[in-house]
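Here is my input, please return the structure:
(one chain, ligands or ions: 1)
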Amino acid sequence: MDGMAHGGGGRHDGDAGGGGGPAGGGYTIVDLAAGGGDATEQAARLLVEGFREHWPDAWPDIAAAREEVAEALADGGRIARIAVAGGTVLGWVGGMPMYDGRVWELHPLVVHVDHRGRGIGRALVADLEARVRERGGLTVYLGTDDEAGMTSLAGVDLYPAVWDHLRGIQNLRRHPFTFYQKMGYTIVGVVPDANGFGKPDIMMAKRVGGAAAGEDGPSR
Ligand SMILES: CC(C)(COP(=O)(O)OP(=O)(O)OC[C@H]1O[C@@H](n2cnc3c(N)ncnc32)[C@H](O)[C@@H]1OP(=O)(O)O)[C@@H](O)C(=O)NCCC(=O)NCCS
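I've put the predicted structure just below:
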């Protein structure tokens, strides 16, 4: 729970489970609960600001975001990790156990708009995977919505050839499914019309532990 990992210049050891001081000039990944100061309020603001453009219904206001953060903290079974530098929260990732802890849902993931493209998202995902592995989890799973026509799965009727649509998926406007693919995640399904007609939820998963997995997982 108190594993600490470090990032600096975009580099990060996602498997770091021990302690140590913050990397100079970089950021540190710690439990949200250990963030101190107004870390929880910053985390809530990140949700509102980070999802506003493409997922405005996710956390429409700060009250909804505060509720999400409070839930993440109140449930001791969850994982909530933040990337911090000098008291500023640069991003956060959450994990919730499913299937008796064999599978963990990654929810949510957000990086501060001013700090994207520096490897922080990658580092947070790697950190979550390490924490899941520590807890004996086998799989990290997530759903990533397309409510704004960002992929070829949006705005069309996915039935009946759902898998043909998935096989031919195109990223039209930097939808994050490509980010997750770069992290080794595989599309394992889709929930058509999850957010209204033509607005699907794309399901992705990655094996992160278990006998069949190498130290870094088989698909990186
Ligand atoms: C998606 C998000 C978490 C990525 O964080 P980030 O810190 O910018 O990502 P990184 O810098 O670690 O990027 C890692 C790789 O993914 C790529 N990538 C990042 N975002 C991407 C996107 N939206 N589409 C395609 N590729 C993307 C990067 O180019 C980089 O590729 P490289 O390794 O080939 O250089 C961030 O953009 C964000 O918070 N977005 C808004 C909220 C969101 O989409 N959350 C996930 C919803 S389920």
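
give the contact list for residue 104.
79, 95-98, 128, 132, 135, 137, 139-141 (CB atoms under 8 Å, 6 or more residues apart in numbering). (Each C-beta comes from the backbone N, C-alpha and C, glycine too.)

and stretch 123-130, C-alpha only, in CSV?
Extracted in CSV, the C-alpha atoms of stretch 123-130 (Å, rounded to 0.1, in the frame of the first residue of the first chain):
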residue,chain,number,x,y,z
ALA,A,123,4.2,5.7,-15.1
LEU,A,124,0.8,5.8,-13.3
VAL,A,125,-0.5,2.8,-15.2
ALA,A,126,2.8,0.9,-14.5
ASP,A,127,2.5,1.8,-10.8
LEU,A,128,-1.1,0.6,-10.6
GLU,A,129,-0.1,-2.7,-12.3
ALA,A,130,2.7,-3.1,-9.7
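
and which of the contacts of residue 104 is nearest to residue 203?
residue 141 (7.1 Å; CB to CB).

What lies in contact with the one helix or strand that closest one maps to?
Secondary structure from DSSP states H and E places residue 141 in strand 139-145. Under the contact criterion CB under 8 Å, 6+ apart, strand 139-145 has outside partners 55, 58, 95, 98, 102-107, 109, 125, 128-129, 132, 175-177, 180, 185, 188, 191, 194-195, 199-209.

Selecting buried members of those in ChimeraX, what would you type?
Those of those that count as buried under 16 or more other CB atoms under 10 Å are selected in ChimeraX with:
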select :55,58,95,103,104,105,106,109,125,128,129,132,175,176,177,180,185,195,199,200,201,202,203,204,205,206,207,208,209
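
Return only those of the contacts of strand 139-145 found close to the ligand.
Among those, the residues within reach of the ligand (CB under 6 Å from any ligand atom) are 109, 176.

could the contacts of residue 104 go into TSV alongside pLDDT?
Shown next, in TSV, are these (pLDDT from 0 to 100):
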residue	pLDDT
79	97
95	97
96	97
97	97
98	97
128	98
132	98
135	97
137	98
139	98
140	98
141	98
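
Which ones among those residues map onto helices?
128, 132 (DSSP state H).

Can the strand holding residue 141 be said to contact the ligand?
Yes. Strand 139-145 is in contact with the ligand by CB under 6 Å from any ligand atom, via residue 144.

List the neighbouring strands of that strand plus their orientation.
Note on strand 139-145: by DSSP bridges, its sheet partners are strand 103-111 (parallel), strand 201-207 (antiparallel).

Figure out which of the ones you listed is closest to residue 83.
Closest of those to residue 83 is strand 103-111, at 7.7 Å (criterion: CB to CB).

Off-centre distance for the closest one?
3 Å (CA atoms, centre = their mean, to the nearest Å).

And stretch 27-39, by the same measure?
17 Å.
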